[in-house]
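# Have a look; sequence and predicted model below, questions after that.
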Amino acid sequence: MNYQTEVNPKTLLKIGVGMLIVLIIVIIVALSFSFEETQAPVIGGEEEEKKEEPEITLPKVLYNLTGTIKSIGNNAFAFDATIPQLDENKQVFTTVETRSVLISADTKINRLTFVAKEGSKNKNPVETAITFAALKIGDYVEVVSNQDISDKKEIRATRIRILPSN
């Protein structure tokens, strides 16, 4: 028994057109999802989504402060420390307070410089050990301690770093 079925060419055409329409619909839906993900926000037209600003917090403990040396004494100096604070609107502002820095035999003192990297426009940070006698009034320094110095008027420094002036 040999069964042969004839397929009506009009039926084949209808099936082919139907499949083509379904394929076009699938492509349009896929492209619309893709377009929504990559579309940039319209400025001025539709309302932009407002991004919430992250809340700024300051550390409760400070181990380092920066400022300018104002006077130098025997194994100590005074500097105008820049103290970060928050106002009532949670915006950062700074105040300047004079702090005394005590130097011991264990205090490391360095000068930070930036040296051009050979064959490049980049610069590498280089710290060079110096002595207490190399400190000068007007040097911009970072004072580091192993204790909380946020409220201390007298700081026992573990490290002093002379920073490059701008």
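That came in fine, so what should we check first?

# Show me where the protein has its helices.
Counting by DSSP state H, the chain forms helices over residues 9-38, given from the N-terminal end onward.

# which residue ranges form the strands in it?
In the chain, strands defined by DSSP state E lie at 64-73, 76-86, 92-102, 108-116, 123-129, 140-144, 154-156, 159-162, listed in chain order.

# The helix or strand of the chain with the lowest mean pLDDT: how far from the chain's middle?
Every helix and strand of the chain was ranked by mean pLDDT, DSSP states H and E. The lowest is helix 9-38, at a mean of 72. Relative to the chain's own centre, helix 9-38 is displaced by 47 Å; criterion: CA atoms, centre = their mean, to the nearest Å.

# May I see the buried residues of that helix?
Within helix 9-38, no residue counts as buried by 16 or more other CB atoms under 10 Å. (Each C-beta comes from the backbone N, C-alpha and C, glycine too.)

# Next: stretch 77-87.
F77, A78, F79, A81, I83.

# Where does the prediction get shaky in this protein?
Counting by pLDDT under 70, the chain contains low-confidence ranges at 1-7, 9-10, 12, 33-50, 166.

# what does stretch 104-121 contact?
Residues from elsewhere that reach stretch 104-121, judged by CB atoms under 8 Å, 6 or more residues apart in numbering: 75, 103, 122-132, 134-135, 156-164.

# what do you get if the cut-off is 7 Å, keeping everything else the same?
Outside of stretch 104-121, the residues within contact range by CB atoms under 7 Å, 6 or more residues apart in numbering are 123-132, 156-164.

# Over to stretch 65-78?
Contact with stretch 65-78 is made by 79-82, 98-103, 132, 135-143, 149, 163, as judged by CB under 7 Å, 6+ apart.

# Mind checking which of these are buried?
Using 16+ other CB under 10 Å as the burial test, those include F79, A81, R99, V101, I103, L135, D139, Y140, V141, E142, V143, I149 as buried.
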